[in-house]
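> I would like to see how this sequence folds:
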Amino acid sequence: MIDASVIQYKLYEENEEFIGITQADLPTLEYITTTVNGSGIAGEIETPLIGQMKAMSITLKHTVLSRKGISLSSPRIHTWELREFQQGIETSGEQKVTNVKHVFKVFPKQMDGGSLKTASTSDPNTVASVLYWAEYRDGEKVMELDPLNNICYVDGVDYLAPLRAAYCS
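You can find the predicted model right below:
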């Protein structure tokens, strides 16, 4: 299948639909790396540490700052879900729609009130620290990132399961 576009998405906070978000900038997954050098290596290499993630953030870009938008910035842990529909094209030419759900546990860290201009959007933003991120495609879990619980599950492999098992032995 050839991925084509996001058809539409909605934001839910604590399972209640939030209306008014114009754009969501999803987190960047970046692994912590270490530099290896020494005997037998011509120089140095940088290698990611398995399952060790750098801090992640999500940004919600609003049209205007609403009371509901302000509530997204309350200093507590929130559960946000972004439910989207992606369109793709099969090699046969048939259109296919994939149901994608992102589940986040976040702690807001910044609210940008935007700017005021007559007959214009004010473009405020909410930025939150991501404590948990899972993605489901057509109901199947394809990713779960949970640094607090040592989970780094990507495409069917739980890379930190051996660590968690060793802690319990």
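> for the chain, what spans make up the strands?
With strands called from DSSP state E, the chain shows them at 2-13, 16-18, 21-25, 31-37, 44-53, 56-62, 78-89, 95-112, 125-137, 140-146, 151-154, 157-158.
> how about the second one: buried residues?
Neighbour counts using 16 or more other Cβ atoms under 10 Å place Phe18 of strand 16-18 among the buried residues. To be clear about C-beta, it is placed using only N, CA and C from the backbone, and glycine gets the same treatment.
> starting at the chain centroid, how far to that strand?
Relative to its chain's centre, strand 16-18 lies at 18 Å (Cα atoms, centre = their mean, to the nearest Å).
> So which residues make contact with it?
Taking contacts as Cβ atoms under 8 Å, 6 or more residues apart in numbering, the residues outside strand 16-18 that touch it are 10-12, 68, 72.
> Redo the strands of the chain as JSON lines? Include mean pLDDT and distance to Arg164.
Shown next, in JSON lines, are the strands of the chain (pLDDT from 0 to 100; distance: least, Cβ to Cβ, whole Å):
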{"stretch": "strand 2-13", "mean pLDDT": "93", "distance to Arg164": "30"}
{"stretch": "strand 16-18", "mean pLDDT": "88", "distance to Arg164": "33"}
{"stretch": "strand 21-25", "mean pLDDT": "89", "distance to Arg164": "31"}
{"stretch": "strand 31-37", "mean pLDDT": "96", "distance to Arg164": "18"}
{"stretch": "strand 44-53", "mean pLDDT": "95", "distance to Arg164": "10"}
{"stretch": "strand 56-62", "mean pLDDT": "96", "distance to Arg164": "20"}
{"stretch": "strand 78-89", "mean pLDDT": "96", "distance to Arg164": "23"}
{"stretch": "strand 95-112", "mean pLDDT": "96", "distance to Arg164": "19"}
{"stretch": "strand 125-137", "mean pLDDT": "97", "distance to Arg164": "16"}
{"stretch": "strand 140-146", "mean pLDDT": "98", "distance to Arg164": "11"}
{"stretch": "strand 151-154", "mean pLDDT": "97", "distance to Arg164": "8"}
{"stretch": "strand 157-158", "mean pLDDT": "97", "distance to Arg164": "8"}
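> export those strands to a markdown table and tack on distance to Ser169?
Converted to a markdown table, these look like this (distance: least, Cβ to Cβ, whole Å):
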| stretch | distance to Ser169 |
| --- | --- |
| strand 2-13 | 39 |
| strand 16-18 | 42 |
| strand 21-25 | 41 |
| strand 31-37 | 25 |
| strand 44-53 | 18 |
| strand 56-62 | 30 |
| strand 78-89 | 32 |
| strand 95-112 | 28 |
| strand 125-137 | 26 |
| strand 140-146 | 21 |
| strand 151-154 | 18 |
| strand 157-158 | 17 |
